[in-house]
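Student: Quick one, what's the 3D model for this:
(chains A and B)
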Number of protein chains: 2
Amino acid sequence: MNFLEEKILADGKVFEGNVLKVDNFLNHQIDIDVMRQVACEFKRRFKGIQVDKILTIEASGIAIAVMLAAMYDVPVVFAKKSQTVNSVDDKYVSQAYSFTHKKMNNVFVSRPYLSAGENILIVDDFLADGKAANALIDIVEQAGGHVVGVGVAIEKGQQNGGRDLRQRGIKLESLAIIESMDYATQKIIFRNQQ
Amino acid sequence: MNFLEEKILADGKVFEGNVLKVDNFLNHQIDIDVMRQVACEFKRRFKGIQVDKILTIEASGIAIAVMLAAMYDVPVVFAKKSQTVNSVDDKYVSQAYSFTHKKMNNVFVSRPYLSAGENILIVDDFLADGKAANALIDIVEQAGGHVVGVGVAIEKGQQNGGRDLRQRGIKLESLAIIESMDYATQKIIFRNQQ
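Tutor: Numbers count the residues shown, from 1 in each chain, chains lettered A, B, ... in the order given. Prediction:
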């Protein structure tokens, strides 16, 4: 079991409706030591891959992206979410449904911050059905960039986002993959990644 | 002139309505080297002060908070914004008006992540009329914590947020204070902080 799986077992809480709350170390309070280890582990798993820029989506992806960018010494771009987009002239826009907020969001990046030919590593805290990751990939492709990988802290393996990305040939690295979790017993089982 | 003032002159853009756009290095694309210098400079300016936790507000404050927290080796808490709050039983809640989105937001932190007696350093990217900073201070005080300082990258000195915080005796450190800026000429003048 790796450091993140141990942390999830120690501090994560399972709620009804297949919800895992990790907001005491990942997405409300941020344990800086866990975040440093997350960044180090992504650096190791994507070793040898040229990364020109790190792309994430506000808000909770930013912490991971910044810690990792400090190791690569490359810029971060974080996509913004908005229900309305006045103009698409100056933006790359895609769409993603937010389960947390139960609404469809526009996801956008201002055009100057992604360029053709750039090697983009996408990171986020969670991957479930892949809506946010797919919106980010779409945006990179609109800009003519290359997605060199997707790194997520926690993949909810019961949903299809991870499987779909792997089937498309995208290099996806998930530091912890949840195979099953149970509200009644609070038992969490991880996929063996050996 | 310090590194941040130089960067603002080089890459900032003045828009009508007293708007300074710095989203190519601070709050959409993040220049990791500028961010590292921002964190180092806050560490220097708050030297000798005990900091137990760093508090910011989503989304653009997170990058600064995480870089600084890595230096202090303390947790970050980022306050969340929402137009609706279902329950206040488990949260500290305050209010702040967002000029960017032209609406009143609830700002909240889950109760377990702030405790009585903690020394809290508040950081953010911008300080204008101080609505967000005041909401964060209010939340820390509700929790019984001590605000040991407020650090912002850019203070808009024509608005009253900075003056009001200083008058209340709060240790405010602004890395760049804009005295005036002009859309027609794109001229930006900083307050001399020597």
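Student: Chain A against chain B: which residues are in contact?
Tutor: With the criterion set to C-beta under 8 Å from any C-beta of the partner chain, chain A comes near chain B through A:23-24, A:28-33, A:35-36, A:58-59, A:62-63, A:65-67, A:69-70, A:73-78, A:80, A:109-110, A:112-113. The way it works is simple: take the backbone N, C-alpha and C, and place the C-beta from them, glycine included.
Student: Mark which of these are buried, thanks.
Tutor: A:23-24, A:28-33, A:35-36, A:58-59, A:62-63, A:65-67, A:69-70, A:74-78, A:80, A:109-110, A:113 (16 or more other C-beta atoms under 10 Å in any protein chain shown).
Student: can you tell me which of the residues of chain A next to chain B are in helices?
Tutor: A:Ile32, A:Asp33, A:Met35, A:Arg36, A:Ile62, A:Ala63, A:Ala65, A:Val66, A:Met67, A:Ala69, A:Ala70 (DSSP state H).
Student: Dump those residues into a markdown table; add pLDDT as well.
Tutor: Putting these into a markdown table (pLDDT from 0 to 100) gives the following:
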| residue | pLDDT |
| --- | --- |
| A:Ile32 | 98 |
| A:Asp33 | 98 |
| A:Met35 | 98 |
| A:Arg36 | 98 |
| A:Ile62 | 98 |
| A:Ala63 | 98 |
| A:Ala65 | 98 |
| A:Val66 | 98 |
| A:Met67 | 98 |
| A:Ala69 | 98 |
| A:Ala70 | 98 |
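Student: ok, these vs B:Ile49, which is closest?
Tutor: Closest approach to B:Ile49 among those (C-beta to C-beta): A:Ile32, at 18.0 Å.
Student: Report the contact partners of the closest one.
Tutor: Residues near A:Ile32 by C-beta atoms under 8 Å, 6 or more residues apart in numbering or on different chains: B:Val66, B:Ala69, B:Ala70, B:Asp73, B:Val74, B:Pro75, B:Val76.
Student: So which of these reach chain A?
Tutor: Restricting the contacts of A:Ile32 to those near chain A by C-beta under 8 Å from any C-beta leaves B:Val66, B:Ala69, B:Ala70, B:Asp73, B:Val74, B:Pro75, B:Val76.
Student: and the helix or strand that A:Ala153 is a member of, how far from the chain's centre?
Tutor: Per DSSP states H and E: A:Ala153 is located in strand A:146-156. Strand A:146-156 has its C-alpha centroid displaced from the chain centroid by 6 Å (C-alpha atoms, centre = their mean, to the nearest Å).
Student: Check which helices and strands that strand is in contact with.
Tutor: Using 3 or more C-beta pairs under 8 Å, 6 or more residues apart in numbering or on different chains; DSSP states H and E, the elements in contact with strand A:146-156 are helix A:3-11, helix A:32-45, helix A:61-72, strand A:119-127, helix A:131-142, helix A:161-167, strand A:172-181.
Student: how about those, which one is nearest A:Lys53?
Tutor: Nearest to A:Lys53, of all the helices and strands packed on strand A:146-156, is strand A:119-127, at 5.4 Å by C-beta to C-beta.
Student: Okay, now the sheet partners of that closest one, with direction.
Tutor: If you go by DSSP bridges, strand A:119-127 pairs up with strand A:53-57 (parallel), strand A:146-156 (parallel).
Student: Relative to B:Asp89, tell me which of those strands wins on proximity.
Tutor: Shortest distance between B:Asp89 and the strands paired with strand A:119-127, using C-beta to C-beta, is found for strand A:146-156: 26.9 Å.
Student: Give me the buried positions along that closest one.
Tutor: So strand A:146-156, judged by 16+ other C-beta under 10 Å, has buried residues A:Val147, A:Val148, A:Gly149, A:Val150, A:Gly151, A:Val152, A:Ala153, A:Ile154, A:Glu155, A:Lys156.
Student: Pick out the most distant pair among those residues.
Tutor: Across the buried residues of strand A:146-156, the longest distance by C-beta to C-beta is 23.3 Å; it joins A:Val148 and A:Lys156.
Student: Turn the strands paired with strand A:119-127 into CSV, including mean pLDDT.
Tutor: Output for the strands paired with strand A:119-127, formatted as CSV (pLDDT from 0 to 100):
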stretch, mean pLDDT
strand A:53-57, 98
strand A:146-156, 98
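Student: Do me a favour and get the end-to-end distance for stretch A:125-144?
Tutor: Counting by C-alpha to C-alpha, to the nearest Å, you get 25 Å between the two ends of stretch A:125-144.
Student: So for that stretch, mean pLDDT?
Tutor: What stretch A:125-144 shows for mean pLDDT is 97.
Student: Give me the buried stretch members for that stretch, please.
Tutor: Within stretch A:125-144, the residues scored as buried using 16+ other C-beta under 10 Å are A:125-140, A:143.
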